[in-house]
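Asker: 3D, please:
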Amino acid sequence: MFAEALAARLDGIVELSPEQVRVLETHYRLLLLWNRTLNLSAISGLEEAVERHYCESLFLGAQLPPGPLAIVDIGSGAGFPGFPVAVLRPECSVTLIESHQRKAVFLREASRGLPGLKVLARRAEDVRETFDVAISRAVSYKDLAGSLKVLAPNADLLSGAEEPPARMGFEWKEPVALPWGKARFLWIGRRA
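Answerer: Below is the predicted model:
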């Protein structure tokens, strides 16, 4: 069911190998299991989870520049968008930042076997590494403002129609509407 729903939503947008689909489905099953005791996601239905969690994240990953990149996912939560991006772009190194310790434990468990994926269980403001691109989804602009421009010169954010504020220190391109509608956009910015 997961593989079929993913293929239907991504048709003509992103191509995945059978192994990539298997890794994403394993993550989804683990997410359902852990979500019983740890609030990782309010989205529980298969169709909505595939679209909002996996497809949106994979769309972002497909929009990133080609080649190896150092990517940081700020406020990764259950691994979105960073986990699917790491699966789609194995040539990249992806760091998931999650300050909630129990969510970080889930991320470590889910990311076993993905060599290019690392989990940092701390606040983004406390991270001293720098990256090529910062990505994020479902994190408020206010919460991103303090760390975004320190961590990376480029930012790709999955958000609504509201433009990120100038105080974040980025110049934003016209937003890219996500193929699945519902007023969801990808904001691509470069440090001003």
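Asker: Touching the one helix or strand in the chain whose mean pLDDT sits lowest from outside, list them.
Answerer: Ranking every helix and strand in the chain by mean pLDDT, DSSP states H and E puts helix 46-49 at the bottom, with a mean of 88. Outside helix 46-49, the residues within contact range by Cβ atoms under 8 Å, 6 or more residues apart in numbering are 1-2, 5, 28, 31, 41, 43. C-betas here are computed from N, CA, C, even on glycine.
Asker: helices or strands up against the lengthiest helix in the chain?
Answerer: Across the chain, the longest stretch assigned as helix under DSSP state H is helix 18-35. With contacts defined as 3 or more Cβ pairs under 8 Å, 6 or more residues apart in numbering; DSSP states H and E, helix 18-35 has these neighbours: helix 2-10, helix 82-88, helix 101-110.
Asker: For it, buried residues please.
Answerer: Residues of helix 18-35 classed as buried by neighbour count (16 or more other Cβ atoms under 10 Å): 20-21, 23-25, 27-28, 30-31, 34-35.
Asker: Run through the residues that contact A183.
Answerer: Contacts of A183 by Cβ under 8 Å, 6+ apart are 160-161.
Asker: per-residue pLDDT, it?
Answerer: Note on A183: pLDDT of 88.
Asker: Does it fall in a helix, a strand, or a coil region?
Answerer: At A183 the chain is in coil, as set by DSSP: H, G, I helix; E, B strand; the rest coil.
Asker: A138: neighbouring residues, count only.
Answerer: If you count neighbours by other Cβ atoms under 10 Å, A138 ends up with 15.
Asker: returning to that earlier point: so which of the contacts of helix 46-49 wins on neighbours?
Answerer: Of those, with other Cβ under 10 Å as the count, L31 tops at 22 neighbours.
Asker: hang on, isn't that one packed against I43?
Answerer: No: assessed by Cβ atoms under 8 Å, L31 is found out of contact with I43, at 9.6 Å.
Asker: Check which residues of stretch 171-181 are buried.
Answerer: For stretch 171-181, burial by neighbour count (16+ other Cβ under 10 Å) applies to 172, 175, 178-179.
Asker: mind putting the residues you listed in TSV, pLDDT included?
Answerer: Shown next, in TSV, are the buried residues of stretch 171-181 (pLDDT from 0 to 100):
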residue	pLDDT
W172	96
P175	95
L178	96
P179	94
